[in-house]
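Student: let me see the structure of the following:
(one chain, ligands or ions: 1)
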Amino acid sequence: MRRKVKACVIGAGSAGLFSLGQLRKHTTDFAIINSGHLGTTCARVGCMPSKVLIQAAEDFHNREHFAASGIDGAGALSVDIPRVLKHVRAMRDTFVGGVMGNFNKGPARKLVEGPAKFIAPGVIEVNGEEIEAEGFILAPGSRPVMPASWAAFGERVLTTDNLFEQEDLPGKMAVLGLGAIGLEMGQALARLGIEITGVDMLETIGGLEDEAVRDEAIKLISKDLDLWLGDPAELEEAPDGRILVRAGSREVVVDKVLVALGRRSNLDTLDLAAAGVSLDERGMPEIDPATMQIPGTRMFVVGDANGERALLHEAGDEGRIAGYNIFADEIRAFRRKTPFAIAFSSPNIARVGKTMKSLQGRDDYAVGTRNFDTQARARVLHENAGLLHIYGRKSDGLILGAEMIAPRGEHLANELAWAIEKNLTVWDLLAMPFYHPVVEEGMQNALYNLAAKVGGQPDGVIEVAFSEFK
Ligand SMILES: Cc1cc2nc3c(=O)[nH]c(=O)nc-3n(C[C@H](O)[C@H](O)[C@H](O)COP(=O)(O)OP(=O)(O)OC[C@H]3O[C@@H](n4cnc5c(N)ncnc54)[C@H](O)[C@@H]3O)c2cc1C
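Tutor: Numbering: from 1, shown residues only. Now for the predicted structure:
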């Protein structure tokens, strides 16, 4: 059986659902196909449950400051991991419920549940039904990378797809991969009392490229977990059903392993070759990041599936771009927003705008710096640790980028991303009001430090104070 629709969206995750707002301006004659669970990766197993787990860990960790603040009894507090996980699932259910509430109001009527794959150009097959469409938005998301040989360890090897489904967790675990996800989960589990070894083959964590910020991050995160950097992890069976984790010359025996080696696109499940699309050696088509189009087709790849900016707000933008372009008379190229990424570790790790790697070898930028050890608001919060580097153009102080491990860095990163988005200079930012006492004053110090190293100060605007600040 074959039916024809004007448009077909594959994947009812965030990117696919965001595309519908624009798509529906062109047509209501569309189908949305989804395999697996509805409710989006973000709400089900991603952004939201991970933050709930982190919050539980932070709440428990804060007991360490109670005695100094005059609050007794911290030593009597304990963690009940099964109840923590139950709480994560309960909160997760409310987030998924929110997504599904909107989904059921509209898109559900167009839903076909099952795995889609192309059988010819312009035609997919799902559950034995053929669907022909004039345009496609491909939003099948991504899945955790898992080396095939590790499947033999069965349920002792977890990913974030099943971490929150566990009824309980053992006392000793390893987290393999210390990008944002591994770092967040590894530190949270450690703060909940699980002994964690964190392993990454890179010499950095959280994607940090600025050496000084990276060193500070390694120093601070090492307080919670044993960090092994620079060697790839290997797994072996150990006695008593446990797992031996080896990396270089180091080894440890653990009860379970959380694998966070990154995520790979699900585009390979769609058989794009059958759609007549040429693929590179990684099996990926060419995708224009400004239009989301596979050039020369009415096919658009959005969200994690395109392997570019695997973040929720980017999935939203990409969905909207594709939804706009799918039936536009003229395909429109959109300016993409300032890239930034946050790991919700404690302190937060963030990268904004131009990365240190992209600046290396250039002599036209300066670095404004602020260590948070003595920052007033951070001290009140018991979070006075971290380092912020802001990169600015030497000629005029244009803000180029930043890296940080900083208390409440999530806010600093957002504010700096907005500044870069608006082409603001250090002078523009220093002309803004900063309340007292807030963590942003630490950013103000870094800006003063940067201002002392760049040109472009507008006449009579600001007298630079603290320029000697280190
Ligand atoms: C643990 C974790 C924490 C994260 N934290 C953050 C964070 O703090 N901030 C942030 O911005 N981002 C975060 N992310 C990333 C964010 O969740 C993703 O970038 C975003 O959810 C991707 O949305 P998507 O629409 O591309 O994919 P999804 O929401 O996964 O949607 C894809 C859908 O397509 C379906 N599908 C797959 N193949 C097929 C097929 N062949 N046919 C039909 N349907 C198919 C899938 O089952 C799925 O329902 C996190 C991710 C994880 C895993």
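
Student: helix or strand: which one has I349?
Tutor: strand 348-353 (DSSP states H and E).

Student: quick one: low-confidence parts of the protein?
Tutor: Per-residue confidence for the chain (pLDDT under 70) gives these ranges: 460-470.

Student: OK, contacts around the residue of it found nearest the ligand?
Tutor: The minimum distance from the chain to the ligand, using Cβ to the nearest ligand atom, falls at G13 (1.7 Å). Just so you know, the C-beta spots here come from the backbone N, C-alpha and C atoms, and that holds for glycine as well. Remark: with contacts taken as Cβ atoms under 8 Å, 6 or more residues apart in numbering, G13 is in contact with 34, 40-42, 139-141, 303, 315.

Student: closest to H411 out of those?
Tutor: The shortest gap between H411 and any of the contacts of G13 belongs to C42, at 20.4 Å (Cβ to Cβ).

Student: check contacts around N423.
Tutor: Contacts were defined as Cβ under 8 Å, 6+ apart; by that measure N423 touches L398.

Student: and it, helix, strand or coil?
Tutor: Using DSSP: H, G, I helix; E, B strand; the rest coil, the secondary structure recorded for N423 is coil.

Student: give me phi/psi at it?
Tutor: Phi and psi for N423, reported as degrees, to the nearest 10, are phi 60, psi 40.

Student: could you do H389 as well?
Tutor: For H389, the backbone dihedrals are phi -120, psi 130 (criterion: degrees, to the nearest 10).

Student: that one touches Y365, doesn't it?
Tutor: No. Under the criterion of Cβ atoms under 8 Å, H389 lies out of contact with Y365, with a separation of 10.8 Å.

Student: how about K51: what's its closest non-neighbour residue?
Tutor: Ranked by Cβ to Cβ, 6 or more residues apart in numbering and with sequence neighbours excluded, the top spatial neighbour of K51 is F344, at 6.2 Å.

Student: typo on my end, it should be R63
Tutor: Spatial nearest neighbour of R63, excluding adjacent residues (Cβ to Cβ, 6+ apart): A74 at 3.9 Å.

Student: wait, the one you found sits on H61?
Tutor: No. Taking contact to mean Cβ under 8 Å, the distance of 10.7 Å between A74 and H61 leaves them out of contact.

Student: buried ones in the lengthiest helix in the chain, by neighbour count?
Tutor: With secondary structure taken from DSSP state H, the chain has its longest helix at helix 81-105. Residues of helix 81-105 classed as buried by neighbour count (16 or more other Cβ atoms under 10 Å): 81, 84-85, 88, 91-92, 95-96, 99-100, 103.

Student: ok, the residue nearest the centre of the chain - contacts?
Tutor: Geometric centre of the chain, nearest residue: L311, 5.1 Å, by Cα atoms, centre = their mean. Taking Cβ under 8 Å, 6+ apart as the criterion, L311 is in contact with A341.

Student: residues in contact with the one helix or strand C8 maps to?
Tutor: With elements taken from DSSP H and E, the one containing C8 is strand 2-10. The contact list for strand 2-10 (Cβ under 8 Å, 6+ apart) reads 16, 19-20, 23, 26-27, 29-34, 116, 123-124, 129-140, 270, 326-327.

Student: what angle do helix 81-105 and the helix or strand that comes right after it make with each other?
Tutor: Where DSSP H and E defines the elements, the next helix or strand beyond strand 2-10 is helix 14-26. For helix 14-26 against helix 81-105, the angle by axes from the mean of the first three to the mean of the last three Cα atoms, to 10 degrees is 10 degrees.

Student: please name every helix or strand in contact with helix 14-26.
Tutor: For helix 14-26, the contact count by 3 or more Cβ pairs under 8 Å, 6 or more residues apart in numbering; DSSP states H and E identifies strand 2-10, strand 30-34, helix 81-105, strand 129-138, helix 312-325 as packing neighbours.

Student: ok, then the element right after the third one?
Tutor: Sequence-wise, the next helix or strand downstream of helix 81-105 (DSSP H and E) is strand 111-113.

Student: what lines up beside that following strand in the sheet?
Tutor: Under the criterion DSSP bridges, strand 111-113 sits next to strand 30-34 (parallel) in its sheet.

Student: can you show me the CA trace of the partner strand as PDB?
Tutor: Taking Å, rounded to 0.1, in the frame of the first residue of the first chain, the C-alpha atoms of strand 30-34 are listed here in PDB:
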ATOM      1  CA  PHE A  30       2.200  15.700   6.300                       C
ATOM      2  CA  ALA A  31       3.100  12.500   8.200                       C
ATOM      3  CA  ILE A  32       5.500  12.300  11.200                       C
ATOM      4  CA  ILE A  33       7.200   8.900  11.700                       C
ATOM      5  CA  ASN A  34       8.800   7.800  15.000                       C
END
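
Student: between that strand and strand 2-10, how many degrees?
Tutor: In this structure, strand 30-34 runs at an angle of 60 degrees to strand 2-10, with the same axes, to 10 degrees as the basis.

Student: just confirm yes or no for strand 30-34 near the ligand.
Tutor: Yes. Legend: contact between strand 30-34 and the ligand by Cβ under 6 Å from any ligand atom is shown at 33-34.

Student: got the buried residues for the helix or strand following that strand?
Tutor: Secondary structure here is assigned by DSSP H and E; on that basis, the next helix or strand after strand 30-34 toward the C-terminus is helix 41-44. With burial defined by 16+ other Cβ under 10 Å, the residues of helix 41-44 counted as buried are 41-44.

Student: now for the helix or strand just after helix 41-44, which elements pack on it?
Tutor: Proceeding C-terminally, helix 41-44 gives way to helix 47-61 as the next helix or strand, assigned by DSSP H and E. Applying 3+ Cβ pairs under 8 Å, 6+ apart, we find helix 47-61 packed against helix 81-105, helix 180-191.
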